[in-house]
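# pasting the sequence and the predicted coordinates here, then a few questions.
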Amino acid sequence: MVKKIKISDKHQAPFSFMPNDLDEELTIMWNVGELTMVKLDGIDIEIGKHCILFVSEFYMKLQANAGTFRIIKFNKTFINPIETMANTGEYLMIFYGLHAVNHLPKIILRDEELPVFEQIWQNLLTEVKNINNPISEALVRNSFQRFLLVSQQKHAETEFDIAIDFKDLKLIREFQYLVNTNFKDLTKVSDYASILKVSPKKYQKYLVAAIVKRQAN
């Protein structure tokens, strides 16, 4: 189990790992090599150069037989040590949601987007060397939070094909994160709506619209 965060700059395949929901551990894989394949729960997935995968604890096994990857493995509590469900979900929504029904969450970086991600990555590599220092840990956390947010911004550009503004998309994804992480304890839409201080009817409206649209496709 990763207690905080572990960052690998050039992780060469072959390798495999098995996510574990008991560990509260998530993984990010950034392909910096050429076009390759990974196998997730027995299903082959093609990933191009500068494709970034977001692997939640709900998958069973991921295998990569070829390629070069940047990898981040982290515990959810690293994002926000003083954890609240809403605040942590703000950063982790890309790992969960309607997209997870039929494919792995991922983004593909365009050339003009690379400098932003590269700068954050270099900051992470520099700061993580001294992560046991409280100030360095805070700097790593800040850079990593930014990495997650810019990834989320990129992912939101194409995730939904229904008429929905960004504010409502954010609410839907927050709700989906909370459901995925608390379904054993909270069973009603009203429970989650109460946490995020919105009307249950609003969630139902957009969730039904999104699900119907995806089924039609």
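The structure has been received and is ready for your questions. On a predicted model such as this, the values are computed, not experimentally measured, just so you know.
# mind listing the strands for this structure?
Chain-ordered strands for the chain, with DSSP state E as the definition, fall at 5-12, 15-17, 25-31, 36-40, 43-47, 51-55, 62-64, 68-75, 106-108.
# pairing partners for the last one, with directions?
So the one you mean is strand 106-108. Taking DSSP bridges as the criterion, strand 106-108 forms sheet pairs with strand 51-55 (antiparallel).
# okay, now Ile43: neighbour count?
Counted with other CB atoms under 10 Å, residues neighbouring Ile43 total 9. Every C-beta, even on glycine, is put in place using the N, C-alpha and C of the backbone.
# how much space separates it from Lys61?
Using CB to CB, to the nearest Å, one obtains 11 Å as the distance from Ile43 to Lys61.
# quick one: low-confidence parts of the chain?
In the predicted model, the chain carries pLDDT under 70 at residues 1-3, 20-23, 81-89, 97-103, 157-193, 195-217.
# what about the helices in it?
All helices of the chain, identified by DSSP state H, fall at 76-79, 85-92, 114-128, 134-156, 166-182, 189-196, 200-216.
# picking that back up, got a markdown table for the strands of the chain, with distance to Ser194 too?
Shown next, in a markdown table, are the strands of the chain (distance: least, CB to CB, whole Å):
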| stretch | distance to Ser194 |
| --- | --- |
| strand 5-12 | 31 |
| strand 15-17 | 36 |
| strand 25-31 | 26 |
| strand 36-40 | 35 |
| strand 43-47 | 37 |
| strand 51-55 | 28 |
| strand 62-64 | 35 |
| strand 68-75 | 27 |
| strand 106-108 | 32 |
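# for these, which one sits closest to Val140?
Between Val140 and the strands of the chain, the tightest spacing by CB to CB is seen for strand 5-12, at 6.6 Å.
# partner strands of that closest one and their direction?
For strand 5-12, the paired strands and their directions (DSSP bridges) read strand 68-75 (antiparallel).
# surely Ile108 and Glu46 touch.
No: the pair Ile108 and Glu46 fails to qualify as a contact (CB atoms under 8 Å) at a distance of 11.3 Å.
# and those two? Which one has more around it.
Neighbour tally, Ile108 and Glu46, criterion other CB under 10 Å: the higher count belongs to Ile108, 14 against 9.
# residues near the residue lying closest to that one once chain neighbours are set aside, how many?
Nearest in space to Ile108, with sequence neighbours left out and distances taken as CB to CB, 6 or more residues apart in numbering, is Cys51 at 4.9 Å. Other residues lying near Cys51 total 19 when counted by other CB under 10 Å.
# no further queries at this time; thank you.
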